[in-house]
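> Structure here, sequence nowhere to be found:
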């Protein structure tokens with residue numbers, strides 16, 4: 001198996017497909033944090049939005065969690081699939 005050089009490694013890490021996965025992970029993390037913050041804020045204040053605000057915060061938190069987990073699983077899958085392709089070549 002060939003050794004990968006620094007330029008090739010950076011080209012792989014900063015490629016378009018990886019950038020999409022980075023965006024999904026960062027977006028999921030932001031959604032997770034905002035959903036938790038909104039939920040905690042509305043719960044502590046007694047909330048102007050009440051139950052609807054709590055449900056929206058929970059939905060944002062859940063969507064962020066799913067995006068974060070999906071992005072991380074996507075990273076693992078992509079690296080393993082690319083390694084298998086390189087091994088076959």
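Received, thanks. Just so you know, these numbers come straight off a predicted model, no measurement behind them. Numbering: from 1, shown residues only.
> okay, now residue 86: neighbour count?
Residue 86 is flanked by 11 other residues according to other C-beta atoms under 10 Å. The C-beta positions use only the backbone N, C-alpha and C, and glycine is treated the same way.
> Helices along the chain, start to end?
Taking DSSP state H, the helices of the chain run over residues 6-13, 16-45, 50-88.
> Hey, what's the angle from the first one to helix 50-88? Just curious.
Between the direction of helix 6-13 and that of helix 50-88, the angle (axes from the mean of the first three to the mean of the last three C-alpha atoms, to 10 degrees) works out to 140 degrees.
> follow-up on the earlier one: want to try CSV for the helices of the chain, with mean pLDDT as columns?
CSV is the format used below for these (pLDDT from 0 to 100):
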stretch, mean pLDDT
helix 6-13, 91
helix 16-45, 90
helix 50-88, 92
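> So which residue is smack in the middle of the chain?
Central residue of the chain (C-alpha atoms, centre = their mean): residue 25, 1.7 Å from the mean position.
> was I right about that residue contacting residue 66?
No: using C-beta atoms under 8 Å, residue 25 is not in contact with residue 66; the gap is 11.7 Å.
> What is the neighbour count of residue 11?
Residue 11, neighbours per other C-beta under 10 Å, totals 12.
> Tell me, how many residues neighbour the residue lying closest to residue 42 once chain neighbours are set aside?
Spatial nearest neighbour of residue 42, chain neighbours left out: residue 53 (4.4 Å); criterion: C-beta to C-beta, 6 or more residues apart in numbering. Residues near residue 53, counting by other C-beta under 10 Å, number 17.
> Okay then, goodbye and thanks.
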